[in-house]
Each structure stands twice: as structure tokens, then as C-alpha cells.
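Student: This is a predicted model, with the sequence first.
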Amino acid sequence: MSKSRGTKKKLPPDKAETTEIFDQVVVEEVKQLFSKVRTYSPPPGAEWTLPDPSVVLRDKPLCHPRLQVLKQSLNEVKNQLSDKDLAVWHQHTCSTNRAGTVTAHLRTVANAELCTQAWAKFYEVLGTFDLLPDTALQIGELNSIHLCEAPGAFVSALNHFLQTSGLHCDWTWVANTLNPYNEANGRSCTIADDRLIAHTLPWWFFGSDDTGDIMLQKHLLELQGFVSNMRNVDLVTADGSFDCQGDPGEQESLVAPLQYCETVCALLLLGPGGSFVLKMFTLFEHSSVCLLYLLACCFCSVHIFKPATSKSGNSEVYIVCLGYKVKEVVRPLLSKLIRNYGPDMASTAALFPNSCIPDSFLRQHVEICTFFHSLQVNTIQENLQLFASMSAEQRGCLDQLRDCAARFYVQQFQVQFLPRKRWVCRGGAMNWGKPCQRKQMGSFNQRKEMQFLQWKQRLAQGPYWTWVEEHCGGTEGHEFVLNGPLIESDLDAWFIRVGAALPKVCSSTFCEQDLLDLLSEALEERAVSSDGPTLAKTTPACSSCSFQSPASIVTEVCNLPYVTSCLVVGNPSWQKMAFSGNILQPQFCPGPCYPELFVSTLYDGHADLQRMLLSSVLSALRGLGEGSALVVPLYSALTRFTASLILTLHLCFHSISFRCPSAGPPAVLLCAGFSNFPRAITVLQEVLDEMTRLEQGRQLLQFAPIEELTRGALPHFLSSLNNTIMRQQLHILMQNEQSR
């Protein structure tokens, strides 16, 4: 371990960071904050070696008594937090966190791109260890792979380090994460923040099924091909985790399968001398013992590091592995690990039998666990004491420590200012931001209670109830209009993305995720109930809600001054509408027909309905004249496919809005003022042709670039449309529950 290499640029005197203004006691405590590292070292004259592959993944996992005592002790301390409101407790621990102001300070003095806590942690790793191999720096070519990387802070931190450290090399990077745009990925383990991803999509690997799940064996092998042009992989980072809020005491076991897969992936991809950084948590289980022993045998040095910028009260540590040994040493074992690769790796059998773990390693491991256990327990206990009562003197002392830590960080790691034009995104404006991951509210005990409540109880007690309970006023959609025709689109850059068929729509870029979760659960419950099949026909409309009639909707669009004719897609029942006054008489063409209530959690993700919708719209567009209007029925617009179709319509019409009719589909698009765009029609035909050629189990997921789907007015329009539809569906379903 050493300080980072390279010739650092000096900060201007007026911006120099110094800790000399603080009392020496404060400075010493801050130095200890940045010194939380332990290292595995084989005994003198001995070497830790890998077991024979024949004994791997054969025995049942065992418990190590001394480690289980530490686990029980830690969980007993954590249990004291179970009655604390998470938001209040989080605010308190942020205020007591010695390194809590580092990221804000870095945004000011360093202009760091995507400067999150993850950025600060990885920059700290880079500044503490010789992470970048000498051979790569001597050649002037660095290749890195970043697993479970969303939103991209490790990539931006490494870029900042390389750009400001005087390390001149040609850097190539590839990142993997669960695809935030794939509707089959649930939000419990998917990072929604796409600020960097949207600008750098060609560098992100999501695999042949588009999910980005690195725990699939085919994705492991596909990633190897994806980076085959790299001369040598010099660095692999893995920052993955799952949402373990429901069972925080078993976080280590829950995340173990992912950590196994990340490690096997790194061992497969890394070249000789390469480095590996792996996020782990507590290290008490046999799975962690085996994994760390594997790494200790495969690398010249393995360090357990708790960055100062990682909150002291959590279990997070980073395993920093330096100097990957010759792959021939690992190859026989690696072949077996690849054959057994997958989400069950850590749960079916122990990686190594207990007899294959040397006592010298196990003793060091227990000492390391004891060290980090003490740090975490002491922090939690201190936070509990300060939560009960904090004096002005204690507050003042903490503020001094926080100020000193922020200055020490910049000074210790010589963090320099980086102009925006040298960011990974090259200074481009950040895209419209999707809703962030759901926020856990209330105490742990309250959240556990909520888990056992049905959807209707959680809805009634949650933040959306007032909105859902409001009766529809018939004005929904009037305030949201896409004005066009859109001209800022290069259709030659559009491409078709195919992946695994969607089993259900678990998430969407274009809605409030919690609403979607509630609606999905309601539909799943209805599917198994005895009256499920007839509910869509028997649920009466809410007497207090006011919806626009189909006739009034069509009249509205026909009365627009620039509309010359009107074509209505699908909706056979609408053909019986009676119109008053002298208006344009609409024409009708075949199209998909939707029930008034959702009937499955595929929503608009059903491949057959997508093909029918596209075919109908394409046929309608070919028959439209200049200035015509088009009324299109919609189930929803949760998927990238439907969003792509609406974007295409945005290229062809003067305006697009939506309405929620009193009969027929959940919503209709009102596309007014057609302007013929032959290239757009050609693109839709190419998409339709591709859909007819897909093999079973595959689905066309998207045909407009996500960059275009998430910029301008479109994402806000789609989000408003989907939230309105879901709110109304929940309103009807809740009404049905209350009438039982």
C-alpha cells in the first residue's frame, strides 16, 4: 500500500487545503478515520494455495463459531435501531458522520462529475493503493471493467484521477449494470439514476437479453467477447449490492451470490498483474471466508479497506486485490467455477471445505472481522448516545472534525479541479432525470409491519392515497401537450434493440415506480381471486368521477382549426357515436381493442398487442392527408417500445395530447395536424418487419435511442400519461374492494 503515483499538479495558494488551522487532537482523529485497513499475509516461509478443483462446491457450508459470535453481537446492537424512523435516523447519522461534508466540498473545489459518496470512496481507494498496474502505465494503455456500476461514479472518479494525476495513458473502459431501461428489471436491485449512462451507452454491456444481469452465465461469456479487443484487462471493480432493508441482519448471505459472480467474472477477465476492487459487507459467513481465501491465493496482496467516506456505522468494506497471479494457476479451478456460475453459487454448496482453509488464514480473518466489528459497534453506540442527547460542545467538536476531514481528503489525495470539458460526458447537459430509487420511510419495525399488509392497506396508508382517492374530473391530460412536429431527431441513428421477452413490466423509465408496484400487486391478487375473470365487466364506474365521452373527445380534436380530417384507430363501439353540430365526420380503421381495466402486469409490454398497435398506426399513417388528426387507443406507455412509437408520432404531428375516455381503452392519444414524414413511416415498417422475424422467447424492446426518449418534453408527457392511467386504475380497483 502506498500513496498514488504520478506528478500531481499543485493547487493555487488561494485554494490550498490545509489542516494546520485545527487542533492536533482533531487532526489525529481524522487521520485515524483514513487508516481503516487490514491486510492478509501468509506466514513467513509458507504460501496459501488453492484447493484441488475436485473438492470445490461439494460440501455443505459450515459456521465458524467465533465469527458467529461477532455476527450475533453486531445484530444485537443493530436491533437497537429497529424503532428509529429511518429518515430521522439517517439525518442524524449524516450530521455525525465525520466525513459527511467531503462530497459537498469536492463538488466545490474539484468540480467532480457525478460526485456521489461512491465517487469519493473510489477516489479514496485510488489515492490509497497502487491500483493501476505499473505495466499498464508504462505501456500507456489502461483497460478497466466496472461491474454493477450504475450510476457510474467509479468511472467518473477514475477519469478524474487520470485527468489530474499526470498519468498519461490511453484509457478504455466498459461498464455493466442491471439495465435501468429494461422493464423486466425490478427496482429493488436496479439503480434508476441514468445521468451518465444515457450519455455513454456504447460503453455499457447489458447482454443479449438486455437485462444486464451479470449473474447469468451467458452474460459472463458474452462480456468476455465484448471486451476481447482490449489488450489486457488491468482493473475490474465490482460495487454491487441488493436492497436488504427487509432483512438487514442477513445482508451478507443475501449478497453472497452476487459477490461470487462478480469475483469469478474478475478472475476470468483480468490479465496478469491486474487489480480487483470488490464491495463486501460483514465477513462472518463461510461463503465470505472462502471467497476471501480464493482472492488471497489469486492475488499478490489482498487488503480490507473501509474508506473514510463510507459511513462508519454501516458494514460496507472494499476488498482491494493487487497483482493478479498468472492465470494458469487459477485456470483449473476457474473452469469449474464457470460451469457452476449463477445465482445459486453461494447457496448450494460451500466453495471450499473447511478443512482446506488454513488456520493461519482463519486466524487473520477473525482478527480482521473483530477490528471492523469494533469500529461499527462503537459508531452505532455513539450515534445512539448522541441521538438521545447532544450538547453544544459535542456538536461543535463534530463540526470541527467534519470540516477537518473534508480538507484532509483534498490534501491527502491531492484532488484537483477538473473542467467540465474533460468529464466523461464531455460537458453535455444531463438528461431528464428519472425518479430516484424508492425511499424507505418509517422505522424498521414499521416497514416490517407494512410488508405483511395487502396492497390496498399499503395504498391507504401511503403517500399516494390522497391523489388516488381524488375523483377524476374529466380534465386529465388537458395540460400535457407535445408540440411538434419534432425536428430534433436523426432517424438514421435509430436502431432496433431486441432482448428476452418481457414476463411482466416490473419497472418503467416513465412513471412513479411505487404506483406501478401497487398496481401490479393489485392485478396479481385479482388474477388469483375467484372473481378475477369477470371483474373487468362487473366493476361499475365511480359515480363521483367525471370522464369525457368518446363523442366529446373526437369532437374536441375535430374542432381544432388546423385539422382537416380525423381517423380513429380501433374502438369499434365508438363507431356508434352521435355527434351534434356541424363537425368533421371521423373515419374508423381496425386496431387493438383494450378493456377498460388492466388485465395483466404486462400492460403495454405484450408483444402481440405491440405488433397490433404498430400495424394499425402504420396503416393509419399511410392513409392520412396533410392536417389530419389521428386518435390512437392506449393501454399505457410504460415500455420503451410504446415510448418509441409515440416519439415517432411526435415527428409527424402538430400536437399530441391524451384523454381518459368514459368507455373503451384506459387512454387515447389525440394526434392533430399530420405532416407527412415518409422516413418515419419507413422506420415503422422496418420495425414491424423485424417483429415478424423474431424467434420464440425474444421481443423487440425499443427502436428509438433512449437518449431521445429521455430528453425534451417527451419523458414528462409519458410520465404524466402513465401516472394518470395508473391512478385511475387503482381508484377503480380500490372502489371494487370497498364495495365487497
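Tutor: Right, received. Where do you want to start?

Student: per the record, what domains does this protein have?
Tutor: Per the record, the chain has its domains at 13-422, 477-506+548-714, by automatic domain parsing.

Student: Check the separation of the first and last residues in the shortest one.
Tutor: Terminal residues of domain 477-506+548-714 lie 14 Å apart, using Cα to Cα, to the nearest Å.

Student: Let me know the average pLDDT across it.
Tutor: Summarised as a single mean, pLDDT over domain 477-506+548-714 is 92.

Student: Off-centre distance for it?
Tutor: Distance, stretch centre to chain centre, for domain 477-506+548-714: 29 Å (Cα atoms, centre = their mean, to the nearest Å).

Student: Extract the C-alpha trace of stretch 732-740 and format it as PDB.
Tutor: Output of stretch 732-740 as PDB, limited to C-alpha atoms (Å, rounded to 0.1, in the frame of the first residue of the first chain):
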ATOM      1  CA  ILE A 732     -61.400   1.700  -9.700                       C
ATOM      2  CA  LEU A 733     -59.800  -1.300  -8.100                       C
ATOM      3  CA  MET A 734     -59.900   0.300  -4.600                       C
ATOM      4  CA  GLN A 735     -63.600   1.100  -5.200                       C
ATOM      5  CA  ASN A 736     -64.200  -2.500  -6.000                       C
ATOM      6  CA  GLU A 737     -62.500  -3.700  -2.800                       C
ATOM      7  CA  GLN A 738     -64.500  -1.300  -0.700                       C
ATOM      8  CA  SER A 739     -67.800  -2.400  -2.200                       C
ATOM      9  CA  ARG A 740     -67.300  -6.000  -1.400                       C
END
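
Student: where does residue 318 land in three-state SS?
Tutor: strand (DSSP: H, G, I helix; E, B strand; the rest coil).

Student: Touching, residue 117 and residue 308? I think so.
Tutor: No: at 11.1 Å, residue 117 does not count as touching residue 308 under the criterion of Cβ atoms under 8 Å. All C-beta atoms are positioned from the backbone trio N, CA, C, and that covers glycine.

Student: And these two? Which one has more around it.
Tutor: residue 308 (25 against 17; other Cβ atoms under 10 Å).

Student: Confirm the more buried one sits in a strand?
Tutor: No: under three-state DSSP, residue 308 falls outside any strand and is assigned coil.

Student: residues in contact with it?
Tutor: By Cβ atoms under 8 Å, 6 or more residues apart in numbering, the contact list for residue 308 reads 33-34, 36, 98-99, 102, 124, 405, 409.

Student: Might one say that residue 641 is in contact with residue 704?
Tutor: No: using Cβ under 8 Å, residue 641 makes no contact with residue 704, being 9.3 Å away.

Student: Pick the one among the contacts of residue 308 closest to residue 256.
Tutor: When the contacts of residue 308 are ranked by distance to residue 256 (Cβ to Cβ), residue 36 comes first, at 22.7 Å.

Student: and the closest one, how many neighbours?
Tutor: Residue 36: 17 neighbours (other Cβ under 10 Å).

Student: With residue 94 instead?
Tutor: Other residues lying near residue 94 total 11 when counted by other Cβ under 10 Å.
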